[in-house]
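1. A structural model of the following input is requested.
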Amino acid sequence: MGMMGREITLSTLRVGLTRPWQVLADLIYPPACPGCGVAVGAHRGLCPACWSGIRFIERPYCEVLGSPFSHDLGAGILSAEAIADPPAFDRLRSAAVHDGIVRDLVLSLKYRDRTDLAPMMAGWMLRASDGMVAACDAIIPVPLHRARLFSRKYNQAAELARHVARLSGKPLLAATLLRVKRTSQQVGLGAKARQDNVRGAFAVSEHRAADVFGRRIVLVDDVYTTGATVAAATRALKKAGAADVTVLTFARVVGHLI
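-> Numbering: from 1, shown residues only. Prediction:
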């Protein structure tokens, strides 16, 4: 059986199993590193080599965009990008740099049915949230259009948001923000094309406006690239009266450190 088949079967088999059956599942499918496939002590656990290759995003970083700095420039320092072009959201926090094993984890969750990775990834996100999850009123995932959700079977951002909510005890509002416009894939588009692609793509359900009005929201997505998608989603939330929006992603693209 190929790796793809093994991953799908494992994810399906372990859902809802009681502990004795989980032990049996572990015997049939021994725990393997989701990055390289070598044997590890527990499912979803990374081997030392893959773990050492992860670049976690920690302070010092821009207080708004979360862009890591190479040197500590003092408390409350903003990056030049955040000053010159303030984002629609109030702040961004991400767990790790989008490269190597982190990119592989994102792809496995998004395209290879590895929803079993979401709890581990959500745990990293919660630790990276800088207290913003603890301070928020609700957690909202970036939604997929219903046509794409039908073809993909699940929304990876919703999987991450569900586990962030479970770990933190915060309310999950999975049906509040809607993707009302079917957009092209963002992959391969430039920054301006990405903005045009998602303009007007999101709206808050008219029956759920009270979920957002005056509240502090954590908006969850898997990867931050140019910020076009989360900016468009934030504008919809702010239009509905959200008081504060923190964007929380598992990974983010990082250029040269400042």
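2. what segments of the stretch 101-250 of the chain are helices?
-> Along the stretch 101-250 of the chain, counting by DSSP state H, counting those that start in this stretch, helices occupy 118-128, 132-135, 146-152, 156-168, 191-198, 228-239.
3. and these, which one is worst for confidence?
-> Mean pLDDT is lowest for helix 191-198 out of the helices of the stretch 101-250 of the chain, coming in at a mean of 73.
4. export that one to CSV, keeping only CA atoms.
-> The C-alpha coordinates for helix 191-198 follow below in CSV (Å, rounded to 0.1, in the frame of the first residue of the first chain):
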residue,chain,number,x,y,z
ALA,A,191,-0.2,40.0,-4.4
LYS,A,192,-2.4,42.3,-6.5
ALA,A,193,-4.1,39.4,-8.2
ARG,A,194,-4.7,37.7,-4.9
GLN,A,195,-6.4,40.8,-3.5
ASP,A,196,-8.6,41.1,-6.6
ASN,A,197,-9.5,37.4,-6.4
VAL,A,198,-10.9,37.5,-2.9
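5. elements contacting that helix?
-> helix 228-239 (3 or more Cβ pairs under 8 Å, 6 or more residues apart in numbering; DSSP states H and E). C-betas here are computed from N, CA, C, even on glycine.
6. just how off-centre is the helix it packs on within its chain?
-> Centre-to-centre, helix 228-239 and its host chain are 15 Å apart (Cα atoms, centre = their mean, to the nearest Å).
7. now stretch 158-166
-> 9 Å.
8. also stretch 155-174?
-> 10 Å.
9. list the buried residues in that stretch.
-> For stretch 155-174, a neighbour-count test (16 or more other Cβ atoms under 10 Å) marks 155-165, 168, 170, 172-173 as buried.
10. ok, residues contacting stretch 33-45?
-> Defining contact as Cβ atoms under 8 Å, 6 or more residues apart in numbering, one finds that stretch 33-45 is touched by 3, 10, 14, 26, 30-32, 46-47, 49-50, 53, 101, 104-105, 108, 114, 116-117, 119-120.
11. that one spans what distance, first to last residue?
-> End-to-end distance for stretch 33-45, by Cα to Cα, to the nearest Å: 6 Å.
12. again, but for stretch 231-249
-> End to end - Cα to Cα - stretch 231-249 spans 13 Å.
13. and stretch 93-108, by the same measure?
-> Start-to-end, stretch 93-108 (Cα to Cα) is 22 Å.
14. any weak-confidence spans in this structure?
-> 1-27, 184-190, 196, 256-258 (pLDDT under 70).
15. what ranges do the strands span in it?
-> Per DSSP state E, the chain carries strands over the ranges 91-97, 138-141, 177-179, 202-204, 216-224, 244-252.
16. picking that back up, buried among the contacts of stretch 33-45? Need that as a selection in ChimeraX.
-> A single ChimeraX command suffices to select whichever of the contacts of stretch 33-45 are buried according to 16+ other Cβ under 10 Å:
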select :10,14,32,46,47,50,101,104,105,108,114,116,117,119,120
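17. hang on, the earlier thing: now the strands of the chain as CSV including mean neighbour count?
-> Below are those laid out as CSV (neighbours: other Cβ atoms under 10 Å):
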stretch, mean neighbour count
strand 91-97, 23
strand 138-141, 24
strand 177-179, 22
strand 202-204, 22
strand 216-224, 24
strand 244-252, 26
